[in-house]
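Q: Below is the sequence, then the predicted model.
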Amino acid sequence: MAASGTSRVLVVQDAAFPAELQAAVDARFRPVISPGFAPPPGLPEPAQVLLSASHDAVTGDVLDAFGGTIKVVSNFGVGYDHIDEAACTERGVLLGNTPNVLTAATAEMALALLLAHARRVVEGDARSRDPSLTRIDTSWMSKQVAGSTVGIVGLGRIGHAVATRCLAFGASIAYHQRHRAPPDQEASLGDAAWCETLHALLASSDFVVLCCSCTAETRGLISSAQLSCMRPGAVLVNVGRGALVDQEAVALALERGALGGYATDVTDPEPLPEGHALLRAPRCIITPHTGSATVRTRKAMLDLALANIAAALASSTMPASPNQDALASKTA
Ligand SMILES: O=CC(=O)O
């Protein structure tokens, strides 16, 4: 059903959603699909909304190309490193995102990658189809999560959800972030150990899971120097952003056997170009940024992204906005 007052609001999307989700956008707004958010020619009225479905960059120039008509940029996702928040705030443009609703799905993906790598699920699948396998292979060994230490980089919502799941698998939890978590949070994670330095976390973990967002401080967090601190055979899992790691360094460490494995849902760029070093590296599992891609979660994300738009257009409090407080104090 069309929401009164918003059904004619022009929304520019960088990509279409699957039909059942797109129908929810169509029911409430007038969406126009434009990769790269280029202003489509001949719009019947000014566009007020950018709906970021596919991580195309939203810069000051992109906003300016609409001639100052954009009121809100709504991101279909929690991480918004592809959107220039400062440029939005400078121009009085509200920014929305979708935290919380995707925490469980993303944590599940981290566990799926971690377990798949530890238990060699992808290799095992190929081995099972190999006609030369005529008897059970007693030499086939893998890593066990129970009894290991899982180091979490960034104990935010997703990091915490990954930690609780790893705890249930019998792992001990270590974590690294700038500030130590409150004692009750550490206690709830089996007395999780805070590592004040990244080096200490890397040196004491069998699995390291990157759960932090990509900012100026965390871009390139894991390079050859950090990889060389990791335990022999340790596995790196990434559900944050591809740019958190130096992917060439990771590929080289995998080639040389200096890194036990890399399992990632995110790359930089996405997808990786044909022939990229990571695509050729051994013991590397890559999924195509599908951490939040469950039917239930994607629906909840879209509901939140649309609620953010509706609230912004109605000048009411957005359910999730990184910059609405900054904008409110600017205009107060
Ligand atoms: O990567 C996914 C997200 O940031 O929501």
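A: Structure's in. What do you need? Keep in mind that what you see is a predicted model, and the values were worked out from it rather than measured. Numbering: from 1, shown residues only.
Q: which phi and psi does Val73 have?
A: When read as degrees, to the nearest 10, the backbone of Val73 gives phi -110, psi 120.
Q: Grab the nearest non-local neighbour of it.
A: Spatial nearest neighbour of Val73, chain neighbours left out: Leu50 (4.6 Å); criterion: Cβ to Cβ, 6 or more residues apart in numbering. No exception for glycine: its C-beta is placed from N, CA and C like everyone else's.
Q: can you check Pro18 too?
A: Arg298 (8.0 Å).
Q: Over to Val145?
A: Phe169 (4.5 Å).
Q: I figured the one you found hits Ala146, correct?
A: Yes: judged on Cβ atoms under 8 Å, Phe169 makes contact with Ala146 at a distance of 6.0 Å.
Q: Neighbour count for those two, which is higher?
A: Phe169 (16 against 9; other Cβ atoms under 10 Å).
Q: quick one, what contacts the more buried one?
A: With contact set as Cβ atoms under 8 Å, 6 or more residues apart in numbering, Phe169 has these partners: Leu111, Leu115, Val145, Ala146.
Q: Skipping its backbone neighbours, what lies nearest the last one in space?
A: This means Ala146. The shortest distance from Ala146 to any non-neighbouring residue, by Cβ to Cβ, 6+ apart, is to Gly170 (3.2 Å).
Q: Repeat that for the second one.
A: Sequence neighbours aside, Val145 is the residue nearest to Leu115 in space, at 6.6 Å (criterion: Cβ to Cβ, 6+ apart).
Q: dump the residue contacts of the one you found.
A: Val145 makes contacts with Leu114, Leu115, Ala118, Cys166, Phe169, Gly170, Ala171, Phe207, as judged by Cβ under 8 Å, 6+ apart.
Q: and what of Asp137?
A: Contacts of Asp137 by Cβ under 8 Å, 6+ apart are Arg127.
Q: Likewise for the one 10 residues further on?
A: By Cβ under 8 Å, 6+ apart, the contact set of Gly147 is Gly170, Ala171.
Q: mind checking how far it is from the ligand?
A: Relative to the ligand, Gly147 is positioned 30 Å away (criterion: Cβ to the nearest ligand atom, to the nearest Å).
Q: Quick check: that residue vs Ala243, distance?
A: In this structure, Gly147 and Ala243 are 33 Å apart, going by Cβ to Cβ, to the nearest Å.
Q: Name the SS class of the residue nearest the centre of the chain, please.
A: By Cα atoms, centre = their mean, the chain has its centre lying nearest to Gly240, at 4.5 Å. Per DSSP: H, G, I helix; E, B strand; the rest coil, the secondary structure class of Gly240 is coil.
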